[in-house]
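J.: give me the fold of what follows.
(2 chains)
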Protein chains: 2
Amino acid sequence: MRRFLPILDWAPQYTRQALGNDLLAALIVTIMLIPQSLAYALLAGLPPEVGLYASIAPLLLYAVFGTSRTLAVGPVAVISLMTAAAIAPLAAEGTAEYLGAAVALALLSGLMLTAMGLFRLGVLANFISHPVISGFITASGVLIAAGQVPQLLGLSVRGETLPQIISGIIAHLPQAQPLVLLIGLPVLAFLFWTRRGLKPLLMRLGLGAQVAGALARAAPVLAVVASTLAAWGLALNVPQVGDIPASLPLPRLPPLDPDLWRAILVPAALLSLVGYVETISVAQTLAAKRRQRIDPDQELLALGAANIGAGLSGGFPVTGGFARSVVNFDAGAETPAAGAFTAIGMALAALLLTPLLFHLPKATLAATIIVAVLSLVDLGALRRTFAYSRRDFVALVVTILITLGFGVEAGISAGVLVSLGLHLWRSSQPHMAVLGQVPGTEHFLNTARHNVVTVPEVLAIRIDESLWFPNARFLEDRLLAALADQPGLRHVVLDCSAVNGIDSSALETLEALNHRLCDGGVALHLASLRGPVMDRLARSHFLQSLGGKVFLTTYDAMLGLAPDITAATRAALRCETAKAHAVPHVAPRAAR
Amino acid sequence: MRRFLPILDWAPQYTRQALGNDLLAALIVTIMLIPQSLAYALLAGLPPEVGLYASIAPLLLYAVFGTSRTLAVGPVAVISLMTAAAIAPLAAEGTAEYLGAAVALALLSGLMLTAMGLFRLGVLANFISHPVISGFITASGVLIAAGQVPQLLGLSVRGETLPQIISGIIAHLPQAQPLVLLIGLPVLAFLFWTRRGLKPLLMRLGLGAQVAGALARAAPVLAVVASTLAAWGLALNVPQVGDIPASLPLPRLPPLDPDLWRAILVPAALLSLVGYVETISVAQTLAAKRRQRIDPDQELLALGAANIGAGLSGGFPVTGGFARSVVNFDAGAETPAAGAFTAIGMALAALLLTPLLFHLPKATLAATIIVAVLSLVDLGALRRTFAYSRRDFVALVVTILITLGFGVEAGISAGVLVSLGLHLWRSSQPHMAVLGQVPGTEHFLNTARHNVVTVPEVLAIRIDESLWFPNARFLEDRLLAALADQPGLRHVVLDCSAVNGIDSSALETLEALNHRLCDGGVALHLASLRGPVMDRLARSHFLQSLGGKVFLTTYDAMLGLAPDITAATRAALRCETAKAHAVPHVAPRAAR
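T.: Coordinates of the predicted model:
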């Protein structure tokens, strides 16, 4: 029972002090969330109240099911963009069908996340690699920011890809409204400045770092109030938010049209995975700071419940947002109750504040979005990834380019396929080392890197990867080539110290190799087998048919197979004076 | 030059003795190939002469480009079935379009194989695992044999899947022709008997084992001659091969219709991969017996040239066949010239023998096919694979069931996807061991398997897999859980002795983990890092930000972090009497 209802862990011990802290955190997060929820609903192409609705029921449900004490669930930029991309092909923006599809997407995504949680499939999210998610979020940030530029210009241009957006802006530029730009640009400049300058300024004015940080985060509210007053007071003719119904969301089912659900199946799966990856990484970062524990499978259930809640109360897909969660944490939230209080705050806003938002210029919300998402763009990842791994760099660049050029669904899918493909490719060509003895020791090292001793009749080879079907033939090719190239070869010793597993394909390859080497008069020996690998091999007939023996170590194998050389290097060990070139039967490096 | 023309390696040193051996082998293979080429053409739904044509140019071209001395290229059963499956949806059997599509398939497959060879993409074939290819060939054998049953009954039923074939036979059973069965059944019984009984009988009659074996392999020719004579002499009214034009194939282009080529793109790729996997495995088996070498990339070029040859001379797709290659090898073929001589034999057959084949009953060819393909069915693989690996068993069974139930293309594709998916799944959940010290030694072993010593403030953990994105989060979850569960924990030592690589995702996970552990007051240490892994980590900032240290071994780490316990067990080493339970600070097993 407790496993599925983490609220039972904290609610019974809820203290007065925790109540105070949670209420303060909820107040700050609510102030931050009001403009964000409106902005992200518009970003998804939805009426602004949908953003408010998505910030009530989901937060209450996460408070019941979530294992993170401080995660702030709600509408976030990337998921809003994915929502727009998923439903734009299905219905025209502003229609009831469009809204219905968005709500159905939230419900389906919630059901998928719940199913993944029940079947403990959180591991699926692992297949989205860091370079892919990082490239995807950077590219989404660029797409979102570019998509808001028309709003700043008073144009109604939408596009799924960067080329579409840019060509749309260029085509419609003559219709730009300078008045809109006069509202948007100052707001944009103000918000950029508050990111850097407001907190230090407030601290110089004598405020504590925490309070100053929280106030700086609330700057968008100031921009909202100021620009709304300006638009109202000066009766500016700019696109405004307009009438928002002052009501709470009513529970209702989204459309259950099978064609619609089939069409949103893949987008819902991608959106669920991306949302989950974001949630879990934020939740774990914050939990570790207080040595708290996150249950990844329970988080699936909690995020699933939150989205089902969104889908049944006219909201759109939600997830755990990074920025608001950090604010919640910094503001001192102690339990998920802070999220529930935020939900109450949002419900009050939906009931009482909406008339005040009538004159809020849409350009202000566009500026809010641009400033928020540009912090998602991480171009440094390109440099860091390039330095560390060329392969991961390729996955990162492919994800960015496909996302920008072909949209979010194509981008994330291509990224996952490319990163898996590149990994499989690499593991099909494992690192292998021909081993030689370090004179006077029991150590065997790579002949290509070290000055070591070998004998022409024994080839000791170490494979630095588990043996499985994509790389089994690689080993075979390598050993059969040695068979053909080294006429004096009598023994092959396969050092398996780095082999963590051998699958059926590799087993059959080893069997074939054993027979082929036997036919060629060469015995195949194994050395340094790990326990679990040995256990498994014992379940097959391979060890009985093996032409050679199984040795504990490569040194033992060499002792048995080439006693001359090992004896000689042992003598060297004793007198500690012998040099490698003085050892008999040593094959010079060039001869191999 | 020599790399691309292996003929230059052997032709200049061609000896009189090799000539004699090659001619004898070619004679035996030709006798075997005549009925097979006719039968496999019928199996692919093509006129019988297409089988003859596919046995001339391809063999000559393989002799020029191939690196195997003994591989016998030509029509084979599984590839013929795949050909039929690929073109049956595109045209009606017996039409010029059907024939044109088969020839185009050969040409496209040849071009693909050549391109793969030039770009050295032979490694792609590695992604078809042994269980998948074994299941695929077994299921194909069953499908082919079932598909020949109507021929034995005088019915014209075709089907792509086992349910289609069986329901077709049942529906048409009333039209069965008993006379056809009277031809087919004795031939079938005779051929089955020759498989087991003829060689021993011939040996008892005083023939050498090699000659007896070769004669037994030629038994189908005897069946062909006898049943043809019977059909002609008794004027039996059974379906017969009929008129075969007595001519050599003329060079000509297959249809170049872009729609056709687009439709056969995927089938051609699958057929090329399956054909290549078969070829390379036969070629390597035979080459190893004589310590010869196969160049896998050159084999792609050679098989590509053979198929281009088939496509330009009215043939259908070919590959290296197992049975004929073994006969060729056993008959003493020394060079690819044996293949060229076989081609000459087949050309003579096409010119001179075709009138004699007019009365050959199709039921005889069906019986030939059934006997040949049932040797492909390997049900023992089910048992062997089940015993060795449940995961590989699933891949095997899925491949068999999907091939039988949905056809060859679906079967091989599903098999590859399932086997890759299962492998990725497994490697996302790597084996991890909490390590403890074997009292009195420097060895650290799995606490779950051995009676070892640990301390509550240090967690030493070994991960038995390279760290990459599908398993990075697994490690993180495990360590963060330890952080929350072990309040006394101060140090985590990650033993990387089995880690052959760390990708960017795993690096970021380690960085995040390091920060999270630091935030929780725990230092992350690394031990037993491999050289290449260490080199790569040095290219990032991870080692600078690491909360703990990098130790040479886990023992060194414990010496530095928990000197009390290590000193105690060292004392134990010295006096060699201490027992594990006498060592101070030992955490009892149940407490962990």
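J.: number of nearby residues for the residue of the stretch 301-450 of chain A found nearest chain B?
T.: Per Cβ to the nearest Cβ, the residue of the stretch 301-450 of chain A with the smallest distance to chain B is residue A:392, at 3.8 Å. The way it works is simple: take the backbone N, C-alpha and C, and place the C-beta from them, glycine included. Neighbouring residues of residue A:392 were enumerated by other Cβ atoms under 10 Å in any protein chain shown; the total is 29.
J.: just how off-centre is the longest helix along chain A within its chain?
T.: What stands out as the longest helix in chain A, according to DSSP state H, is helix A:16-43. Relative to the chain's own centre, helix A:16-43 is displaced by 25 Å; criterion: Cα atoms, centre = their mean, to the nearest Å.
J.: for the helix or strand following it, packing partners?
T.: Beyond helix A:16-43 in the direction of the C-terminus, DSSP states H and E gives the next helix or strand as helix A:48-53. Helix A:48-53 sits against helix A:16-43, with contacts defined as 3 or more Cβ pairs under 8 Å, 6 or more residues apart in numbering or on different chains; DSSP states H and E.
J.: what distance do you get for the closest residue to residue A:519 other than its chain neighbours to residue B:548?
T.: The spatially closest residue to residue A:519, leaving aside those adjacent along the chain, is residue B:289, at 4.4 Å (Cβ to Cβ, 6 or more residues apart in numbering or on different chains). According to Cβ to Cβ, to the nearest Å, residue B:289 stands 55 Å off from residue B:548.
J.: of those two, which one has the most company?
T.: When residue B:289 and residue B:548 are compared on other Cβ under 10 Å, the one with more neighbours turns out to be residue B:548, at 22 against 15.
J.: so that one: helix, strand or coil?
T.: Secondary structure, DSSP: H, G, I helix; E, B strand; the rest coil: residue B:548 is coil.
J.: make sure it is actually in contact with residue B:525.
T.: Yes: between residue B:548 and residue B:525 there is a contact at 3.4 Å, judged by Cβ atoms under 8 Å.
J.: got any residues that touch both of these two?
T.: Residues within reach of residue B:548 and of residue B:525 at once, by Cβ atoms under 8 Å, 6 or more residues apart in numbering or on different chains, are B:491-493.
J.: re earlier: buried residues in the longest helix of chain A?
T.: Judged by neighbour count (16 or more other Cβ atoms under 10 Å in any protein chain shown), helix A:16-43 contains these buried residues: A:18, A:21-43.
J.: helix/strand/coil for residue A:4?
T.: Per three-state DSSP, the secondary structure class of residue A:4 is coil.
J.: count the neighbours of residue A:179 for me.
T.: Taking other Cβ under 10 Å as the criterion, the count of residues near residue A:179 is 16.
J.: doesn't residue A:74 make contact with residue A:324?
T.: Yes: using Cβ under 8 Å, residue A:324 is in contact with residue A:74, at 6.7 Å.
J.: more crowded one of the two?
T.: It is residue A:74, of residue A:324 and residue A:74, that has more neighbours when counted by other Cβ under 10 Å, with 31 against 25.
J.: grab the nearest non-local neighbour of that one.
T.: residue A:55 (4.8 Å).
J.: A strand includes the one you found, no?
T.: No: according to three-state DSSP, residue A:55 belongs to no strand; its state is coil.
J.: correct me, but it touches residue A:62?
T.: No: with contact defined as Cβ under 8 Å, residue A:55 does not count as touching residue A:62 (11.1 Å).
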